[in-house]
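Visitor: Sequence first, predicted model second:
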Amino acid sequence: MPAFDSSTARTRLRLTRRGRIVLTGIAALPLAVGVLIGVLSSGGAVAGIDDGRAAVAFETIEVGAGDTLWAIAESIAPSADPRDVIYEIMRLNGLDDAVVQPGQRLVLPAG
């Protein structure tokens, strides 16, 4: 039985240029597939936000002395529930509470 002796040289794995290209391609394949899936699945976000609804218009007012959000809500939408209109005004203007000051400018939903 032949024995391996320590005098034989060990050879290293050598890759040819073509082998390195193939190995790099195989390693990069999951990344390329991930990018492709990301690009294809983001098509809806790139298409726009036209959902068939009419564009919303806004108007701006300046709060007068003695004005309240309740009075403003009743004046711009007399047939709607003032609480809903007040909520919308607060949301549009980033208000934490329903207290307004004279001279303050508010964005109101038109209509």
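Guide: That came in fine, so what should we check first? Since the model is a prediction, treat every value here as computed from it, not as a measurement.
Visitor: okay, now A32: neighbour count?
Guide: Applying other CB atoms under 10 Å, we find 10 residues neighbouring A32. To be clear about C-beta, it is placed using only N, CA and C from the backbone, and glycine gets the same treatment.
Visitor: Tell me who's in contact with it.
Guide: By CB atoms under 8 Å, 6 or more residues apart in numbering, the contact set of A32 is empty.
Visitor: burial measure for T24, as a count.
Guide: Neighbours of T24 under the rule other CB under 10 Å: 10.
Visitor: Please apply the same query to A73.
Guide: Under the neighbour criterion other CB under 10 Å, A73 is assigned a count of 22.
Visitor: what ranges of this protein fall below the confidence cut-off?
Guide: Residues of the chain meeting the criterion pLDDT under 70: 1-9, 43-56, 111.
Visitor: which residues in it form helices?
Guide: Secondary structure of the chain, counting by DSSP state H: helices at 17-41, 43-47, 69-76, 82-93.
Visitor: got the ones you listed as JSON lines, with distance to R105 columns?
Guide: Output for the helices of the chain, formatted as JSON lines (distance: least, CB to CB, whole Å):
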{"stretch": "helix 17-41", "distance to R105": "41"}
{"stretch": "helix 43-47", "distance to R105": "33"}
{"stretch": "helix 69-76", "distance to R105": "12"}
{"stretch": "helix 82-93", "distance to R105": "9"}
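Visitor: These: which one's closest to A110?
Guide: A110 lies closest to helix 69-76 among the helices of the chain, at 8.2 Å (CB to CB).
Visitor: Between the helices of the chain, which one is closest to V99.
Guide: Between these, helix 69-76 lies closest to V99; by CB to CB that is 8.3 Å.
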